[in-house]
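Trainee: Would you be able to build a 3D model of this:
(2 chains)
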Amino acid sequence: MRNVLAALKSVRLALALITYIVITGIISSLVAQGRDASYYYSSFPAPLASLIIATGFRDFYGSILFFIPAFLFFANLSVCSADRFARELKKGKAGRHGPDILHLGLVLLLLGAVLGQAAKQSHPAWQGFARLGKGEAVELPNGRILLLKSLRSEKYPDGRSKDWVSTVEVSEAGKVVIPSYDIRVNHPLRMGPLSILQASYGSGGVLELAGPSDSTRSLSIGDYIDTGVLRLTLLSVDPDSGLATAREEDEKGARTVSLAKGSRVGSFTVQGSGEEELSGLQAVYDPYYPLVVAAFAVIGIGSFITFARRFGEIRA
Amino acid sequence: MNALPTIAFALIILSAAIQAPFLFRREARPDPVSHWALALAFLDLAAVTGERSVAIGFPALTGTFESLVFFSALICLIAWIYRLQRRIAFLPLVQFGATIIAAAFLAVASSPIAPRDLLAPIPALRSGWLVLHVSLSFIGESFFVASFVASIAFLASRNEGKKRDYDRIAYTAIGAGYPVFTAGALVFGAIWAEQAWGSWWSWDPKEIWALTTWLTYTVYLHLRLVRKRKDALPSMVAILGFLCALFTFFGVNFLLTGLHSY
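Mentor: Numbering: from 1, shown residues only, chains lettered A, B, ... in the order given. Here you go, the predicted structure:
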């Protein structure tokens, strides 16, 4: 046990692991990641392609080639930091803990990264993407309802996009919990472990339907209505002809239909079609967000103490 | 205003031309004026950045041309500051090397690979974190320029006294640049990425190479501070670190693809 600890707190091991991570990291950036086996056989000589596939190098950061050294590095950093902290404490030199604080920050950062990744993988339903038009709502993974009250695309004078803004309202069990919040690019909405980001902005086809007793429905691409007798899903809208293409499903089966103004869909009548602006909102789940932010703060404090002290020594 | 980068380039070349004869003198005494030409070049390039920032309504750091202008300006500034301070000997060879590197970056900025189009940033780039990320990364890398030149001089020199001075310059430059680079390239970069894309880290080629650069300088600091090595190895690692930084900037942009546009 003592030998294992001695090996783990060795700076030589740290240097060897960093060197390994640097070299393999460089190679991984030169070898395309996450492609099919056929890509590697067509890009590299067969023995090299076989090696890349067999070792898992085509998904380097998800392979044991990375995980084992990264885990060893984490252990090395933790043991090294604890050992150094204990030694400095014995010496009674309180001002020399800068590197310990810096290393603690790195340990917290690695922990936050690993736990965050694990949480994302164990909660796939908490991540997602939705394209919403004005007035549309979506149920969030935490059970709340997000309603897009308005959206706008801000432009530069030359017509290029400057910012995309989605004004949303969030409610829970029929009660409004966030009356109004502007989600912008680089300015997400945070609700505990869940963040809603402004990911994209664009336009898409929309089909206007008039229902019984003067009710109206507006369908975006991918939306559907279910009359009880049939289900109609809007597939596309041709902005030039105004013709919409939809998938109709009833007890006789499913078929693709073309809809023009005046077409009947069960008890609904097509009133027209057009284009609407859509906001692309992305849900991201990361319960360890505060841990990562805290790690960055600890790294900052540790760096400041370490390097300020070094410069103090140089000046002296 | 289009002449400003050319004027800055001329000032940097003038500075190098003044410095060159002093390199061959026996005593390591620098010339008395060349650093003022560098200070003027810095002001000139700062004016270029300022003028473009006003024109696009955002700090002009988001294009290749703008980044290179900013980087050259910082190298000139740091060479000037080093030359003025008295605590660490800033030997003529190091100042000359830094001047040549500033000129080289500005030459690349004037080439077709760095278009000068005045384009305001896309929505994802409009972030205060991005400004901190880019500016602090370049400030850190500007110190790495001094360490790179000093490390080459260390390896080339046979004079023990000069070697000690070169080692001191390399060590202090990395000591100053490393925390700034850490904050800029890694911490603020990750914070911006999380806000823009919802992920702190994406193993994008630019991120991998920035991490590689950081780890290389981490190795340098551990060799120099923990293992107390003052031989050729830390210098070789410092040279490798700067080559990694160069590849992060140029190689990744032009040879690899990823999320970063510059």
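
Trainee: In the stretch 51-200 of chain A, what residue spans correspond to strands?
Mentor: Assigned by DSSP state E, counting those that start in this stretch, the stretch 51-200 of chain A shows strands spanning A:128-133, A:137-139, A:145-155, A:161-172, A:175-184, A:189-191, A:194-210.

Trainee: With just CA atoms, put the fifth one into CSV.
Mentor: Presented in CSV, the C-alpha positions along strand A:175-184 are these (Å, rounded to 0.1, in the frame of the first residue of the first chain):
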residue,chain,number,x,y,z
LYS,A,175,-49.2,28.4,-12.0
VAL,A,176,-46.8,30.9,-13.7
VAL,A,177,-43.4,30.6,-12.0
ILE,A,178,-41.4,32.7,-14.5
PRO,A,179,-43.6,35.4,-16.0
SER,A,180,-41.1,36.6,-18.6
TYR,A,181,-37.5,35.9,-19.4
ASP,A,182,-35.4,36.8,-22.5
ILE,A,183,-33.4,33.8,-23.7
ARG,A,184,-30.6,35.1,-25.9
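
Trainee: What is the burial count for the residue in chain A positioned nearest to chain B?
Mentor: At 3.5 Å from chain B, residue A:284 is the closest residue in chain A, using C-beta to the nearest C-beta. To be clear about C-beta, it is placed using only N, CA and C from the backbone, and glycine gets the same treatment. By the measure other C-beta atoms under 10 Å in any protein chain shown, the count of residues near residue A:284 is 21.

Trainee: what about the closest residue to it other than its chain neighbours, neighbour count?
Mentor: Using C-beta to C-beta, 6 or more residues apart in numbering or on different chains and skipping the chain neighbours, the partner closest in space to residue A:284 is residue B:198 (3.5 Å). Using other C-beta under 10 Å, residue B:198 has 19 neighbouring residues.

Trainee: Let me know the pLDDT of the closest residue to residue A:260 other than its chain neighbours.
Mentor: Leaving out its chain neighbours, the residue that sits closest to residue A:260 by C-beta to C-beta, 6+ apart is residue A:243, at 5.6 Å. As predicted, residue A:243 sits at a pLDDT of 88.

Trainee: and what of residue A:67?
Mentor: Per-residue pLDDT puts residue A:67 at 90.

Trainee: so how far is residue A:61 from it?
Mentor: 9 Å (C-beta to C-beta, to the nearest Å).

Trainee: Over to residue A:51?
Mentor: For residue A:51, the distance to residue A:61 equals 18 Å [C-beta to C-beta].

Trainee: between the two, who's got more neighbours?
Mentor: Remark: of residue A:51 and residue A:61, residue A:61 carries more neighbours, 17 against 13, as counted by other C-beta under 10 Å.

Trainee: dump the residue contacts of the more buried one.
Mentor: Residue A:61 makes contact with A:28, A:33, B:203, according to C-beta atoms under 8 Å, 6 or more residues apart in numbering or on different chains.

Trainee: what's around the first one, how many residues?
Mentor: Residue A:28 has 22 neighbouring residues, counting by other C-beta under 10 Å.

Trainee: For the stretch 151-262 of chain B, which segments count as helices?
Mentor: B:160-181, B:189-197, B:205-221, B:232-246, B:252-255 (DSSP state H, counting those that start in this stretch).

Trainee: quick one, which of the ones you listed is nearest to residue A:199?
Mentor: Nearest to residue A:199, of all these, is helix B:189-197, at 8.2 Å by C-beta to C-beta.

Trainee: nearest spatial neighbour of the residue nearest the centre of chain B, skipping sequence neighbours?
Mentor: For chain B, residue B:142 is the residue whose C-alpha lies nearest the centre (C-alpha atoms, centre = their mean; 2.6 Å). Once flanking residues are discounted, residue B:142 sits nearest to residue B:74: 4.0 Å by C-beta to C-beta, 6+ apart.

Trainee: what sits against the one you found?
Mentor: Neighbour list for residue B:74: B:42, B:138-139, B:142 [criterion: C-beta under 8 Å, 6+ apart].

Trainee: Repeat that for residue B:242.
Mentor: So residue B:242 contacts B:141, B:144-145, B:147-148 (C-beta under 8 Å, 6+ apart).

Trainee: how about 6 Å then?
Mentor: If a contact means C-beta atoms under 6 Å, 6 or more residues apart in numbering or on different chains, then residue B:242 has B:144, B:148 as its contacts.

Trainee: Quickly find the element holding the nearest residue to residue B:175 once chain neighbours are set aside.
Mentor: Nearest in space to residue B:175, with sequence neighbours left out and distances taken as C-beta to C-beta, 6+ apart, is residue A:310 at 5.5 Å. Element membership for residue A:310 (DSSP states H and E) is helix A:289-315.

Trainee: do the same with residue A:225
Mentor: Secondary structure (DSSP H and E) places residue A:225 in strand A:224-226.

Trainee: Tell me how far residue A:135 lies from residue B:231.
Mentor: Taken as C-beta to C-beta, the span from residue A:135 to residue B:231 is 70 Å.

Trainee: How about residue B:124?
Mentor: Distance of residue B:124 to residue B:231, computed by C-beta to C-beta: 45 Å.

Trainee: Compare neighbour counts for these two and give me the winner.
Mentor: Shown here are residue B:124 and residue B:231; by other C-beta under 10 Å, residue B:124 has more neighbours (20 against 11).

Trainee: residues in contact with the more buried one?
Mentor: Residue B:124 neighbours (C-beta under 6 Å, 6+ apart): A:185, B:196.

Trainee: Quick check: residues of the stretch 1-150 of chain A near chain B?
Mentor: A:11, A:15, A:18, A:22, A:25-26, A:29, A:61 (C-beta under 6 Å from any C-beta of the partner chain).

Trainee: Which helix or strand contains the residue nearest the centre of chain A?
Mentor: For chain A, residue A:284 is the residue whose C-alpha lies nearest the centre (C-alpha atoms, centre = their mean; 5.0 Å). Taking DSSP H and E as the criterion, residue A:284 maps to strand A:268-285.

Trainee: what's in contact with that strand?
Mentor: With C-beta under 6 Å, 6+ apart as the test, strand A:268-285 has contacts from A:120, A:123, A:126-133, A:151, A:166, A:193-197, A:199-204, A:206-211, A:237, A:239, A:242, A:244, A:259, A:261, A:263, B:198.

Trainee: Sheet-wise, list the partners of it with their directions.
Mentor: Strand A:268-285 has the following sheet partners, assigned by DSSP bridges: strand A:128-133 (antiparallel), strand A:194-210 (antiparallel), strand A:264-265 (antiparallel).

Trainee: Below-threshold pLDDT in chain B: ranges please.
Mentor: Low-confidence segments of chain B (pLDDT under 70): B:1, B:28, B:257-262.

Trainee: Point me to the residue of it nearest chain A.
Mentor: Nearest residue of chain B to chain A, counting by C-beta to the nearest C-beta: residue B:198, 3.5 Å away.

Trainee: Identify each buried residue in stretch A:137-150, please.
Mentor: Buried residues in stretch A:137-150, counting neighbours by 16 or more other C-beta atoms under 10 Å in any protein chain shown, are found at A:137-138, A:140, A:144-148.

Trainee: farthest-separated two in those residues?
Mentor: A:144 and A:148 (13.7 Å).

Trainee: Next, format the helices of the stretch 151-262 of chain B as a markdown table and append distance to residue B:64.
Mentor: Compiled in a markdown table, the helices of the stretch 151-262 of chain B are given as follows (distance: least, C-beta to C-beta, whole Å):
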| stretch | distance to residue B:64 |
| --- | --- |
| helix B:160-181 | 20 |
| helix B:189-197 | 17 |
| helix B:205-221 | 13 |
| helix B:232-246 | 14 |
| helix B:252-255 | 7 |
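
Trainee: Of all those helices, which one is nearest residue A:218?
Mentor: Taking these one by one with C-beta to C-beta, helix B:189-197 is closest: 30.7 Å.

Trainee: For burial, what's the neighbour tally of residue A:279?
Mentor: 26.

Trainee: May I have the beta-bridge partners of it?
Mentor: residue A:132, residue A:201.

Trainee: Okay then, goodbye and thanks.
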